[in-house]
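Undergrad: here is a sequence together with a model predicted from it:
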Number of protein chains: 2
Amino acid sequence: MTRTQVPVAARAANIEYAIRDVVVPATKLEAEGHEILKLNIGDPIAYPGLPTPKHMVEAYVEALRNGNNGYSPSYGISDLRSSIAQDERRKGWPARQEDIYVCHGVTEALQIIFAATLESGDEVLAPGPHYPPYMAYPQMYGAQTVEYKLNPNDGWKLDFNDIEAKMSDNVKLLVLINPNNPCGAVVGKDEIFRLLSIVRKYPNCIVIADEIYDGLDFTGEQKSVASLSPDVPVLVLNGVSKVFYAPGWRIGYLGIHDPKARLTLVRDGIERLLRSRLCASTPAQLGYLAGLDSDRTWMKSYSDKIIKQRNLCVDRIAKIEGLEVQSSGGAFYMFVKLLDDRWAENDKDFVLQLLHEEHVLVVHGSGFSAELGKGHFRVVYLPNIDVLNDAFDRIERFLIRHRG
Amino acid sequence: MTRTQVPVAARAANIEYAIRDVVVPATKLEAEGHEILKLNIGDPIAYPGLPTPKHMVEAYVEALRNGNNGYSPSYGISDLRSSIAQDERRKGWPARQEDIYVCHGVTEALQIIFAATLESGDEVLAPGPHYPPYMAYPQMYGAQTVEYKLNPNDGWKLDFNDIEAKMSDNVKLLVLINPNNPCGAVVGKDEIFRLLSIVRKYPNCIVIADEIYDGLDFTGEQKSVASLSPDVPVLVLNGVSKVFYAPGWRIGYLGIHDPKARLTLVRDGIERLLRSRLCASTPAQLGYLAGLDSDRTWMKSYSDKIIKQRNLCVDRIAKIEGLEVQSSGGAFYMFVKLLDDRWAENDKDFVLQLLHEEHVLVVHGSGFSAELGKGHFRVVYLPNIDVLNDAFDRIERFLIRHRG
């Protein structure tokens, strides 16, 4: 750069989002005419066989045609808030309509939570590895994300000793992603109770329960954190993107479980932030409403397809020298360990070389945690069996070739 | 509050958004069965006669039915970016597809701009009165908004002496809203040149050109700031909400005009922030695309209706003792002065009492600027002539009654 540059704010320069950052070289290869096998993005619609259900699409269509094209209330359309509250009550906590706030995806809910709770010097305790915005956003407000360990040798279970060691009065938010992205691990009742017993000692700490994948639990063990907390405040995150297969609609929500009425100020801050940014998409909210209010038996065939694909990945990985994986209990992710020394220290090189040589796109583990994700890569098991088989053939060939 | 409250972050507690804040008591009155005449919200769809054009709705419908329900590229669908760039080139600056970034409304574009440019202690110079987020958001990053005066006695023209006096190296962003919200004032070529000649002296200052109402200029004088700047960097804001009558779709954009290549770092920061938050609504982008790519002769009949309504308001206000207004040249707002002493110092009381006694909802001027908006209220002239007449009858009755 020869000219004087206008400075960028440090908070923006520091943002990294590995999942989208690796798309840049892949897009370049596609522009050159190469076909890429994409196992990189958690978007069911990007793969055949998992379309947004027709009754939801048609409700959205009707909303548009009926003229629902203006602004909606800042906290969400009341019918939708009411149906979401009902859904959360089914999960076991006494959600009222006024506890539910509809957002432009869970991402916006996170931005608002961090803006409403974090001051300079505060800490967010989040799992390592984790979904990148949990690291990217708190630093925007002068706060810091500290990772607690998921155990890579024991199904990515929570390391409670590590959590206890890292808890302090500075920790304002403790994050549980359940099922986890990128590992696919599911946390059950006993572990949630144990987690709550730790958080309970810190009266200014709120739990963020990111349950966006809760309908994609293949273990039957997944539980709503709010449903198990009689006292600790919980901010529940969920939406239309994953379980209802409509990520491009950008509708998520934040639910406030505040059993001891300690979030009055935080709630007021959240509401102020929500009002200032107008609203989420109006017609899309009505599409989501149809999904919540209709029969959901269709979900089983979708899950069954995804489970088959997961099983195939587990089988293939077991037979490939140089790879190892803890089976994924939910979501549509698994976090694969690279055993060869060459890649164990250089997972991003693995991803970029694999992309260029074999045209398979996965995301490097260090993008989900510099320390705890290193030497891994994330596989999205949404593609069809044929594509997954082809991808693992190529991965195997790649590993053999580079082993020499 | 009897229990210990978890603290809220100061940045969230400080947010005010007058336009939505006055809706709270109005909603309460509606719940009690009262019908409210709403002249408060800049949403054409909330009023009869200005629906989103059918060809745009149908393109959106087609997008949904064709399965465009997954994530889209973080900077926007390339066809849409290309059409927006073409539209901006028509306005006179050499926009390329890669200069256009599609956002969840202009609000998200603003959040991203502020996050990418402002450090603690920086200043944003914005018109007073102004659209509230220009005051609300910069403080979230430790920066401060300073108002420059619009002249209340001369058509809300820019006060250049005030701008010059307030410019400094601390000012990182200078905002021009053109046509202005809440005053409806339009800034022409000569004034833009004069503004640029001031900004030019401060090499780290970028102009924000909020041109979301540019297709609602009734004077013929409105000009794109970027088209008049051969050197000063300009961030252009626009979208589907106002001129294309689809605010509930939540699609806006940010265009980067960087003629001297000084925004390389800022652009990188903006792109990082955009990638971290995934994307704007995918199917809605295709609805907007249809609007941009189709014939726009329909816009004239919409504008004609709005102009008639504006003229009626001007006529009515001229005949009501206690009110005065500078005619609005664009957008669909006018900013009415309260002449009676009782209200001149208490515009919020005026708004709340008018709401409770006469069931007419307008927004208090001090919500758009504590100092420069005081003693005014904003009227949205989107309702039909009959509703506007009814509202002004009630306002007149109210003023007479309180004059005693």
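TA: It's in. This is a predicted model, so every value here is computed, not measured.
Undergrad: so is the worst-scoring helix or strand of chain A on mean pLDDT next to chain B?
TA: Least confident helix or strand of chain A, by mean pLDDT, DSSP states H and E, is helix A:18-21 with a mean of 78. Yes - interface with chain B: helix A:18-21 contributes A:Arg20, A:Asp21 (C-beta under 8 Å from any C-beta of the partner chain). Any C-beta I mention is one placed from the backbone N, CA and C, and that applies to glycine too.
Undergrad: any idea how far that helix is from the chain center?
TA: 14 Å (C-alpha atoms, centre = their mean, to the nearest Å).
Undergrad: same deal with stretch A:106-115?
TA: Its chain's C-alpha centre lies 13 Å from the corresponding centre of stretch A:106-115 when counted by C-alpha atoms, centre = their mean.
Undergrad: for the closest residue to chain B within the stretch 101-250 of chain A, give me phi and psi.
TA: Chain B sits closest to A:Gly248 of the stretch 101-250 of chain A, with a gap of 3.3 Å, by C-beta to the nearest C-beta. The phi/psi pair for A:Gly248 (degrees, to the nearest 10) reads phi -70, psi -10.
Undergrad: show me the shaky parts of chain A.
TA: Filtered on pLDDT under 70, chain A yields the residue ranges A:1-3.
Undergrad: could you chop it up by domain?
TA: Domain assignment for chain A by automatic domain parsing gives A:11-40+A:298-403, A:54-293.
Undergrad: of these, which approaches B:Asn68 most closely?
TA: domain A:54-293 (6.6 Å; C-beta to C-beta).
Undergrad: what's the first-to-last distance across that closest one?
TA: For domain A:54-293, the separation between the terminal residues is 14 Å (C-alpha to C-alpha, to the nearest Å).
Undergrad: tell me how far that domain lies from the chain's centre.
TA: Distance of domain A:54-293 from the chain centroid (C-alpha atoms, centre = their mean) equals 10 Å.
Undergrad: for A:Ile41, grab the count of nearby residues.
TA: A:Ile41 has 20 neighbours, counted by other C-beta atoms under 10 Å in any protein chain shown.
Undergrad: report the secondary structure state of it.
TA: Assigned with DSSP: H, G, I helix; E, B strand; the rest coil, A:Ile41 falls in the coil class.
Undergrad: returning to that earlier point: among the domains of chain A, which is the most enclosed?
TA: Sort these by mean neighbour count, taking mean count of other C-beta atoms under 10 Å in any protein chain shown, and domain A:54-293 sits at the top with a mean of 22.
Undergrad: secondary structure element for A:Ala209?
TA: strand A:206-210 (DSSP states H and E).
Undergrad: what angle separates whatever helix or strand comes next after that strand from strand A:206-210?
TA: For strand A:206-210, the succeeding helix or strand toward the C-terminus, using DSSP H and E, is strand A:234-239. Counting by axes from the mean of the first three to the mean of the last three C-alpha atoms, to 10 degrees, strand A:234-239 lies at 20 degrees to strand A:206-210.
Undergrad: check whether the helix or strand following strand A:234-239 comes near chain B.
TA: Using DSSP H and E, the helix or strand that follows strand A:234-239 in sequence is strand A:252-257. No - using C-beta under 8 Å from any C-beta, strand A:252-257 never reaches chain B; the gap is at least 10.6 Å.
Undergrad: which strands and helices sit next to the following helix or strand past strand A:252-257?
TA: Using DSSP H and E, the helix or strand that follows strand A:252-257 in sequence is helix A:264-276. Contacts defined by 3 or more C-beta pairs under 8 Å, 6 or more residues apart in numbering or on different chains; DSSP states H and E place helix A:264-276 against strand A:100-103, helix A:105-117, strand A:252-257, helix B:10-13, helix B:18-21.
Undergrad: and these as a markdown table, adding distance to A:Cys183?
TA: Output for these, formatted as a markdown table (distance: least, C-beta to C-beta, whole Å):
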| stretch | distance to A:Cys183 |
| --- | --- |
| strand A:100-103 | 25 |
| helix A:105-117 | 18 |
| strand A:252-257 | 21 |
| helix B:10-13 | 32 |
| helix B:18-21 | 40 |
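Undergrad: I'd like to know which of the ones you listed is closest to A:Leu237.
TA: Of all these, helix A:105-117 comes closest under C-beta to C-beta, at 4.8 Å.
Undergrad: and whatever helix or strand comes next after that closest one with strand A:206-210, angle?
TA: Scanning forward in sequence from helix A:105-117 by DSSP H and E, the next helix or strand is strand A:123-128. Between strand A:123-128 and strand A:206-210, the angle comes out at 30 degrees (the same axes, to 10 degrees).
Undergrad: pull up the pairing partners for strand A:123-128, direction included.
TA: strand A:144-151 (parallel), strand A:171-177 (parallel) (DSSP bridges).
Undergrad: may I see those arranged in a markdown table, with distance to B:Arg342 as well?
TA: Converted to a markdown table, the strands paired with strand A:123-128 look like this (distance: least, C-beta to C-beta, whole Å):
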| stretch | distance to B:Arg342 |
| --- | --- |
| strand A:144-151 | 52 |
| strand A:171-177 | 46 |
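Undergrad: which one of these lies closest to B:Ser328?
TA: Once these are compared by C-beta to C-beta, strand A:171-177 is nearest, at 45.4 Å.
Undergrad: quick one: that closest one to helix A:264-276, angle?
TA: Going by the same axes, to 10 degrees, strand A:171-177 is angled at 70 degrees with respect to helix A:264-276.
Undergrad: near chain B, anything from the helix or strand following strand A:171-177?
TA: Proceeding N to C from strand A:171-177, the next assigned helix or strand is helix A:189-199, under DSSP H and E. No - shown here: helix A:189-199 not in contact with chain B (C-beta under 8 Å from any C-beta), separated by at least 12.0 Å.
Undergrad: show me the contact partners of helix A:189-199.
TA: The contact list for helix A:189-199 (C-beta atoms under 8 Å, 6 or more residues apart in numbering or on different chains) reads A:157-158, A:160, A:163-164, A:167, A:174, A:176, A:187, A:205, A:207, A:221, A:223, A:225, A:228-229, A:232.
Undergrad: for stretch A:63-75, measure first residue to last.
TA: Where stretch A:63-75 starts and where it finishes are 18 Å apart, if you go by C-alpha to C-alpha.
Undergrad: what's next to it, contact-wise?
TA: A:81, A:98, A:100-102, A:271, A:274-275, A:277-280, A:282-283, A:285-287, B:20, B:41, B:43-46, B:51-52, B:57, B:60-61, B:64, B:245-249, B:287.
Undergrad: how many neighbours does A:Pro48 have?
TA: If you count neighbours by other C-beta under 10 Å, A:Pro48 ends up with 11.
Undergrad: now do the same contact list for it.
TA: Contact analysis of A:Pro48 by C-beta under 8 Å, 6+ apart lists A:Asn384.
Undergrad: that one looks like it's in a strand, true?
TA: No - using three-state DSSP, the secondary structure at A:Pro48 is coil, not a strand.
Undergrad: if we ignore the residues flanking it in sequence, what's nearest the closest residue to chain B within the stretch 301-404 of chain A?
TA: For the stretch 301-404 of chain A, the residue closest to chain B is A:Leu382, as judged by C-beta to the nearest C-beta, at 10.5 Å. Leaving aside its sequence neighbours, A:Leu382 sits nearest to A:Tyr47 (C-beta to C-beta, 6 or more residues apart in numbering or on different chains; 4.4 Å).
Undergrad: residue contacts, the one you found?
TA: A:Tyr47 neighbours (C-beta under 8 Å, 6+ apart): A:Leu382, A:Pro383, A:Asn384, A:Val387.
Undergrad: quick one on the thing from earlier: and the strand holding A:Ala209, what does it pack against?
TA: helix A:105-117, strand A:171-177, helix A:189-199, strand A:234-239.
Undergrad: for it, C-alpha coordinates in PDB please.
TA: Only the C-alpha atoms of strand A:206-210 are listed here, as PDB (Å, rounded to 0.1, in the frame of the first residue of the first chain):
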ATOM      1  CA  ILE A 206     -25.400 -16.200  33.100                       C
ATOM      2  CA  VAL A 207     -25.400 -19.400  31.000                       C
ATOM      3  CA  ILE A 208     -25.800 -19.100  27.200                       C
ATOM      4  CA  ALA A 209     -27.500 -22.300  26.100                       C
ATOM      5  CA  ASP A 210     -26.900 -22.500  22.300                       C
END
